[in-house]
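1. From the sequence below, what's the structure:
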Amino acid sequence: MTAIFKRETKSYFTGMIGYVVIAVLVAFIGLYYSANCLVYGSPDFSSVLYSTTIAMLFVLPALSMRSFADERRNKTDQLLLTSPITIPQIVLGKYLAQLAVFAVPMLLACLMPLLLSAFGEVLLAGAYATLLAYFLLGAACIAVGTFVSVLTENQIIAYLATFGLLLVSYLMEDIQTLFTTGSTMAFIIFSIALVVIAVLVGLVCKSLTVGCGTFCGGAVLLILVFQMRPTWLLNGLNSVLDALALFAPFRDFVGGMFSLSSILYYLSVVGLFLFLTGQALERRRWN
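-> Have a look, this model is predicted:
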């Protein structure tokens, strides 16, 4: 894992991607820091980080797009998969290299609250708690991008797909208001999701029968719930949409509240998508 970590980290700085990611993030954070804290004299560093979350949508997909897609494009993925290291070591090595690049602007941002405290009273505990949440938010976004990268050999597709997923997650709270009109809309959404799940199960199992059986069984259960407990569908849909709102838990820290559940949420997202990345690699190894 150490060898992969060193190789990947070096590759980000051999080219321009590492420097561009660091420069753009530092520029965004520095711009809002200068405007909010230095010009207007606000001691609220958390609002600076909140204003720059939109930059993640554009920058972090560029960081994660090449992690596995580049290996497939260069036909070096089979060499990597047949090497005497495990799949988790491959995934963690590449993921930690991306985190190392992302950590550089975060370390520079750690100096900003200290500079403010030299000229006035600043709540350092709140500022650094928000920095921790910001880093974990970025780590979750990178994990999503890493999973997308393992699914394609085209870096542009990986970038656009990751950007699209993060954009939907960024707008999820606004999107959620569109699906609160009743249980009928929830039934339609779950029906579409069931079709997608059935297709994926059929493709994974390479069996039309299994896919059709999954759809039929899920459809019966869905109709029964819709007829007997329609509010369950609406509540379930809202819970799913809440889970997809990746940027929403960060607002707890911006509001001055340390949320342990938000930290666990981000760690769970990282663990889930790294697990899915490992499973995709494992399937490719045996195919």
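2. What is whichever strand or helix holds Ser261 packed up against?
-> Ser261 is located in helix 260-286, with elements delineated by DSSP states H and E. Contacting helix 260-286 under the criterion 3 or more Cβ pairs under 8 Å, 6 or more residues apart in numbering; DSSP states H and E are the following elements: helix 77-81, helix 87-109, helix 124-150, helix 250-254. Heads up, the C-betas are built off the backbone N, CA and C, glycines and all.
3. Kindly report which one of those helices carries the lowest mean pLDDT.
-> Taking the mean pLDDT of each of the helices and strands packed on helix 260-286, the lowest value is held by helix 77-81, a mean of 69.
4. quick one, which of the helices and strands packed on helix 260-286 is packed in tightest?
-> By mean neighbour count, with neighbours taken as mean count of other Cβ atoms under 10 Å, helix 124-150 ranks first of the helices and strands packed on helix 260-286 at a mean of 22.
5. Measure how the helix or strand that that helix is followed by sits relative to helix 260-286, angle-wise.
-> Remark: after helix 124-150, the chain's next helix or strand is helix 155-170, criterion DSSP H and E. Following axes from the mean of the first three to the mean of the last three Cα atoms, to 10 degrees, one obtains 150 degrees for the angle between helix 155-170 and helix 260-286.
6. hmm, who's touching helix 155-170?
-> Contacts of helix 155-170 from elsewhere in the structure, counted by Cβ atoms under 8 Å, 6 or more residues apart in numbering, are 53-54, 56-58, 60-62, 64-66, 69-70, 73, 141, 144-145, 148-149, 151-152, 175, 244-247.
7. Mind listing what's buried along it?
-> Neighbour counts over helix 155-170 (16 or more other Cβ atoms under 10 Å) mark 155, 158-159, 161-163, 165-166, 169-170 as buried.
8. Run the chain-centre distance for that helix.
-> Average the C-alpha atoms of helix 155-170, do the same for its chain, and the two points are 10 Å apart (Cα atoms, centre = their mean, to the nearest Å).
9. Out of the contacts of helix 155-170, which sit inside helices?
-> Using DSSP state H, the members of the contacts of helix 155-170 that fall in helices are 53-54, 56-58, 60-62, 64, 69-70, 73, 141, 144-145, 148-149, 175, 244.
10. Having no further points to raise, I will conclude here.
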